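Asker: the sequence isn't on hand, but the structure is:
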């Protein structure tokens, strides 16, 4: 069974640009969550999608957005990038709410 | 609001020694508790979870944790560590089904096992 796949694995952007990250969950998983990991703030919850609906949202500015498609694949977008957005963005999928999360290897974003 | 505190940022141990990684949480409601491990340049992998029932939870790779409601703790233990256990360990909590998969993580504990 294939795991959670995130693309791209690494990317470099400059301030002011926007970026889209993609996540393909484990087959059959309907819940997809996104987390930001930085050395200073650690792991922080961004948002969760379930059956194409945003079910939970963390405390991030509106520049961070996401969506989920009918096949459960998810994308997150960050607009007007800032230096502080440099981080590892982790996607996780789950069969149901409050169950085990299966994490991808992450997309490492560097903003210059 | 909930929070998770991992009491040690770094824990160095020798191979085959026992180890305990400490985690305390604060919450006014019932919670689900988790321990995850992250190896370099990888995502997180679930070690074990407490949802309900027995307070002693056994996980993968010989790890176990004990849920202590009165002390609001969920410490992770392993009786004998291996070099391959060197990694970052995260304790996490969620407010149960109401919060979906919105986990609150501790800052992490780096376990370094040397020979």
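Answerer: In hand now; what should we look at? Small disclaimer: the values here were computed from a predicted structure and weren't measured.

Asker: how many residues are close by residue 46?
Answerer: I'll assume chain A. 22 (other C-beta atoms under 10 Å in any protein chain shown). For glycine as for every other residue, the C-beta is placed from the backbone atoms N, C-alpha and C.

Asker: chain B was what I was after
Answerer: Around residue B:46 there are 18 other residues, counting by other C-beta under 10 Å.

Asker: residues contacting the residue lying closest to residue B:10 once chain neighbours are set aside?
Answerer: In space, and not counting its chain neighbours, residue B:10 is closest to residue B:110: 4.8 Å by C-beta to C-beta, 6 or more residues apart in numbering or on different chains. Residues near residue B:110 by C-beta atoms under 8 Å, 6 or more residues apart in numbering or on different chains: B:9, B:10, B:11, B:87, B:88, B:89.

Asker: now do the contacts for the third one.
Answerer: I take that to be residue B:11. B:19, B:21, B:109, B:110, B:111, B:112.

Asker: how close does it get to residue B:114?
Answerer: Computed as C-beta to C-beta, to the nearest Å, the residue B:11 to residue B:114 distance reads 12 Å.

Asker: any idea what the residue of chain A found nearest chain B is bridged to?
Answerer: Among the residues of chain A, residue A:103 lies closest to chain B, at 3.5 Å counting by C-beta to the nearest C-beta. Going by DSSP bridges, residue A:103 is paired in beta bridges with residue A:92.

Asker: that one and residue A:77, how far apart?
Answerer: Distance, residue A:103 to residue A:77, using C-beta to C-beta: 20 Å.

Asker: and the two? Which one has more around it.
Answerer: More neighbours surround residue A:103 than the other of residue A:103 and residue A:77, with 21 against 13 (other C-beta under 10 Å).

Asker: contacts only, for the more buried one.
Answerer: Applying C-beta under 8 Å, 6+ apart, we find residue A:103 in contact with A:4, A:90, A:91, A:92, B:36, B:43, B:44, B:45.
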